[in-house]
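Participant: I'd like to go over a predicted model; first the sequence, then the structure.
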Amino acid sequence: MGRARLPDWEADVAEALQIGAALGDEVIVMGCSTGCTLLTTALAQGARAKGIVHVSPNYGLGTGQCRHCYRCLLCGLGGVTWQAKSKRLR
């Protein structure tokens with residue numbers, strides 16, 4: 001993991017999406033943490049998926065703008081609506 005770079009991770013996401021498309025007619029993808037960020041970026045750049053599931057997405061990078069940026073990325077995806085569900089443990 002210490003040697004992995006962003007282009008390596010982006011290539012992994014592209015490969016996984018291609019494999020999914022080859023295996024099925026409709027692809028639902030799931031990401032966790034930084035995988036959510038990579039997946040959202042791929043979808044915003046034209047990758048196709050029937051649905052997405054994000055588990056603990058890595059959008060809170062301390063700038064306060066990440067949630068807004070995430071919504072903007074999703075706005076560019078046809079048929080996608082913003083629906084965030086969050087549970088806070090106390």
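Facilitator: It's in.

Participant: Spell out the secondary structure type for the residue nearest to Ala42 when sequence neighbours are not counted.
Facilitator: The spatially closest residue to Ala42, leaving aside those adjacent along the chain, is Val13, at 5.0 Å (Cβ to Cβ, 6 or more residues apart in numbering). Every C-beta, even on glycine, is put in place using the N, C-alpha and C of the backbone. Here Val13 is recorded as helix under DSSP: H, G, I helix; E, B strand; the rest coil.

Participant: In contact with Val13, which residues?
Facilitator: Taking Cβ atoms under 8 Å, 6 or more residues apart in numbering, we find Val13 in contact with 35, 38-39, 42, 47.

Participant: what pLDDT, on average, does stretch 45-62 get?
Facilitator: Across stretch 45-62, pLDDT averages out at 81.

Participant: Just the CA coordinates for it, please, in PDB.
Facilitator: What follows is stretch 45-62, C-alpha atoms only, in PDB (Å, rounded to 0.1, in the frame of the first residue of the first chain):
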ATOM      1  CA  GLN A  45     -16.100  10.600 -15.500                       C
ATOM      2  CA  GLY A  46     -18.500   8.400 -17.400                       C
ATOM      3  CA  ALA A  47     -18.200   4.900 -15.800                       C
ATOM      4  CA  ARG A  48     -21.600   3.100 -15.800                       C
ATOM      5  CA  ALA A  49     -23.300   1.300 -12.900                       C
ATOM      6  CA  LYS A  50     -27.000   0.500 -12.100                       C
ATOM      7  CA  GLY A  51     -26.500   1.400  -8.500                       C
ATOM      8  CA  ILE A  52     -23.800   2.300  -5.900                       C
ATOM      9  CA  VAL A  53     -23.400   1.500  -2.200                       C
ATOM     10  CA  HIS A  54     -21.000   3.500  -0.100                       C
ATOM     11  CA  VAL A  55     -19.900   2.200   3.300                       C
ATOM     12  CA  SER A  56     -18.200   4.800   5.500                       C
ATOM     13  CA  PRO A  57     -17.200   7.000   2.500                       C
ATOM     14  CA  ASN A  58     -14.100   9.100   2.800                       C
ATOM     15  CA  TYR A  59     -15.400  12.600   2.000                       C
ATOM     16  CA  GLY A  60     -14.600  14.300   5.300                       C
ATOM     17  CA  LEU A  61     -11.200  15.600   4.500                       C
ATOM     18  CA  GLY A  62     -11.400  18.500   6.900                       C
END
